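**Q** Just the structure for this:
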Amino acid sequence: MARTIGFVGLGNMGGPMAANLVKAGHSVRGFDLAPASLDAARDAGIAVAASALEAVEGADAVVTMLPAGRHVIDVWTQLAGALPAGTLLIDSSTIDVESARKAHALANARGCLSVDAPVSGGTGGARAGTLTFMAGGSGDAFAAAEPLLKVMGKNVFHCGEAGAGQAAKICNNMILGISMIGVCEAFALGEKLGLSHEALYDVASVSSGQCWSLTTYCPVPGPVPTSPANTGYKPGFAAALMLKDLRLAQAAAIAAGASTPLGAEAAQIYGLFDGLGHGGEDFSAIIHMLRGQGQGQQ
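**A** All right, here's what the predicted structure looks like:
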């Protein structure tokens, strides 16, 4: 069934996601603060609005994809007074669990269904419609959101009640950040020991060292042709975004009283990498710092 959707946040992720909704036959009106994002959205067949409020006018579903929790709260606060009861709100931003729960409360006070549904899969997944969605919210809200999420993604999981999607996302990305550092350290050590990249990859990819950071996102050129290492570490998933997620995980760990020493160390390492000016590179480029090398060296 075709729906009328307001989409707020049409950047590198939100723009392609909204475009896939249009391709599926939905009517989408979007808004973004960046003129270039609005131009790209218009080219993709998305109706462009002059404000977030205009974007959601007449919509029966709203999707937001924004940088941080404060932006989500600001936008949802604006929209809450304008949306009729029963409207479905989906937030696909990666934000802190507390802000996600506050957003749910805003929606619930208005009588709206709400889902926090952060994504994994990067810009390539957004364009291809193969994202993984981790959703939190009531069963009714998830049932309403699932058909739209399946247009934009390949894997859609209901992880629990309000905030559970964000919890799953930050736990997953903490694993990812830690594992990428481990894979990079192994390649850096292998180089020092005279081991070729291919030899290490061939062994580890079918042995106990196998992981996504190795077999899908190998941080050295050659073994995995589609990894960012083959294109000068152009993201992909930027190191600054990995740092954001690791810091969200640490904030959640502190709030929950959980011990995450490797997560804390990964956040420190990516914080140093970002501080050295490499936040715009793919997060796998951390191998340069672990080698003691500068930007662009391999």
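
**Q** Tell me which residues of the longest strand along the chain come out buried.
**A** Longest strand in the chain by number of residues (criterion: DSSP state E): strand 153-160. Neighbour counts over strand 153-160 (16 or more other CB atoms under 10 Å) mark 153, 156, 157, 158, 159 as buried. Quick note: C-beta positions are derived from backbone N, CA and C, even for glycine.

**Q** swap in stretch 74-90?
**A** By neighbour count on 16+ other CB under 10 Å, the buried set for stretch 74-90 is 75, 76, 79, 80, 83, 87, 88, 89, 90.

**Q** Filter those down to the ones in strands?
**A** Checked against DSSP E, these include these in strands: 88, 89, 90.

**Q** what's the closest of those residues to residue 243?
**A** Checking these against residue 243 by CB to CB gives residue 90 as the nearest, at 25.4 Å.

**Q** Got phi/psi on the nearest residue to residue 291 once chain neighbours are set aside?
**A** Among residues not flanking residue 291 along the chain, residue 188 sits closest, at 4.9 Å (CB to CB, 6 or more residues apart in numbering). Main-chain dihedrals, residue 188, degrees, to the nearest 10: phi -60, psi -40.

**Q** now swap in residue 8 and tell me
**A** phi -110, psi 120.

**Q** So it is in contact with residue 56, correct?
**A** Yes - under the criterion of CB atoms under 8 Å, residue 8 makes contact with residue 56 at 7.4 Å.

**Q** Give me the common contacts of these two.
**A** Residues touching both residue 8 and residue 56 by CB atoms under 8 Å, 6 or more residues apart in numbering: residue 62.

**Q** on that earlier part again, I'd like the buried residues of strand 153-160 laid out as a markdown table, including distance to residue 173.
**A** Listed next are the buried residues of strand 153-160 as a markdown table, based on distance: CB to CB, whole Å:
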| residue | distance to residue 173 |
| --- | --- |
| 153 | 16 |
| 156 | 18 |
| 157 | 15 |
| 158 | 19 |
| 159 | 14 |
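
**Q** Name the nearest of these relative to residue 131.
**A** After measuring those against residue 131 - CB to CB - the closest member comes out as residue 153, at 3.7 Å.

**Q** distance of residue 118 from residue 38?
**A** Distance from residue 118 to residue 38, counting by CB to CB, to the nearest Å: 24 Å.

**Q** between the two, which one's more packed in?
**A** Counted by other CB atoms under 10 Å, residue 118 and residue 38 do not tie: residue 118 has more neighbours, with 27 against 19.

**Q** what sits against the closest residue to that one other than its chain neighbours?
**A** Nearest non-adjacent residue to residue 118, counting by CB to CB, 6+ apart: residue 169, 4.0 Å away. Residues counted as contacts of residue 169 (CB under 8 Å, 6+ apart) are 94, 118, 119, 120, 134, 245.

**Q** For PyMOL, what selects the buried ones among those residues?
**A** Entered in PyMOL, the line below selects the buried ones among those, by 16+ other CB under 10 Å:
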select buried, resi 94+118+119+120+134+245
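
**Q** So among the contacts of residue 169, where is pLDDT lowest?
**A** Least confident entry in those, by pLDDT: residue 120, with 91.

**Q** what are the bridge partners for that residue, then?
**A** Residues in a beta bridge with residue 120, per DSSP bridges, are residue 132.

**Q** Make a markdown table out of the contacts of residue 169 and add distance to residue 233.
**A** Listed next are these as a markdown table, based on distance: CB to CB, whole Å:
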| residue | distance to residue 233 |
| --- | --- |
| 94 | 21 |
| 118 | 24 |
| 119 | 22 |
| 120 | 20 |
| 134 | 26 |
| 245 | 18 |
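
**Q** tell me what the longest strand of the chain is packed against?
**A** strand 131-136, helix 139-152, helix 164-192 (3 or more CB pairs under 8 Å, 6 or more residues apart in numbering; DSSP states H and E).

**Q** Of those, which stretch is the most buried?
**A** strand 131-136 (a mean of 25; mean count of other CB atoms under 10 Å).

**Q** how big is the angle separating that one from helix 164-192?
**A** Between strand 131-136 and helix 164-192, the angle comes out at 130 degrees (axes from the mean of the first three to the mean of the last three CA atoms, to 10 degrees).
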